[in-house]
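Asker: generate coordinates for the sequence data below:
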Amino acid sequence: MIVPRSSKKIFEDGENCLYTVSLFQKVVDEFKLKARENKFVVRDFAYNEKELAAGKDEMNRLAADKKKQYGPLVRWLKVNFSEAFTAWIHVKVLRVFVESVLRYGLPVNFQPVLIQPNKKSTKKLREVLQNLYGHLDTGGLMADKSEAMDIAGIGMSSSQDYFPYVYYSINTDVVTDVIKSS
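Answerer: Residues are numbered from 1 along each chain as shown. Sure, this is the predicted structure:
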């Protein structure tokens, strides 16, 4: 028999819940048996004041260490994030240059542009760019989109988008991506 109103939910995540239950001594074994039949895992908890005090001291020490390291970490991130972001953009620019030379050949005669359209106007922008630069599609790869095609040497298949202009997306909203993945 369970002590009335003694069960409490302590923790819950996506798959599991942790409850605390107080029982009378003579029904502990019967409760464990019934719980296991219903696919619950029962664990005994022995109250030890020394272990609880040591756990609290460890938590306080870790919280103090976190506060102490937070300031230098933020300063380090402010400096190094800009360096990493700049290097990442340089890699994207190099990709655009190499892809343009591979597609359109030498001499180099192109103008790289960075565009950030509204989500609503992306389709319209693609249509306008298709009309402006459709003549650059010398291989006729855009002529029939319904056929499955493999573009030799480019490593693209029909599952990826192909445009008569060089296109790379840059996701600059890194803060939202980090929050979503957490």
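Asker: after the helix or strand hosting Glu30, which helix or strand is next?
Answerer: Assigned by DSSP states H and E, Glu30 falls within helix 28-37. Counting by DSSP H and E, the element after helix 28-37 in chain order, helix or strand, is helix 49-104.
Asker: how about the very next helix or strand once past that following helix: buried residues?
Answerer: Downstream of helix 49-104, the first helix or strand assigned by DSSP H and E is helix 122-133. Within helix 122-133, the residues scored as buried using 16 or more other C-beta atoms under 10 Å are Leu129. Bear in mind the C-beta positions are built from the backbone N, C-alpha and C, glycine included.
Asker: now helix 122-133: mean pLDDT?
Answerer: Mean pLDDT, computed over helix 122-133, is 88.
Asker: ok so Ile10 is a helix residue?
Answerer: No - counting by DSSP: H, G, I helix; E, B strand; the rest coil, one finds Ile10 to be strand, located in no helix.
Asker: follow-up on the earlier one: how far is the helix holding Glu30 from where the chain is centred?
Answerer: 41 Å (C-alpha atoms, centre = their mean, to the nearest Å).
Asker: could you give the average pLDDT over it?
Answerer: 90.
Asker: what residues of it count as buried?
Answerer: Using 16+ other C-beta under 10 Å as the test for burial, helix 28-37 gives 31-32.
Asker: now swap in stretch 101-110 and tell me
Answerer: So, applying 16+ other C-beta under 10 Å, buried residues of stretch 101-110: Arg103.
Asker: check stretch 69-76 too.
Answerer: By neighbour count with 16+ other C-beta under 10 Å, stretch 69-76 contains no buried residues.
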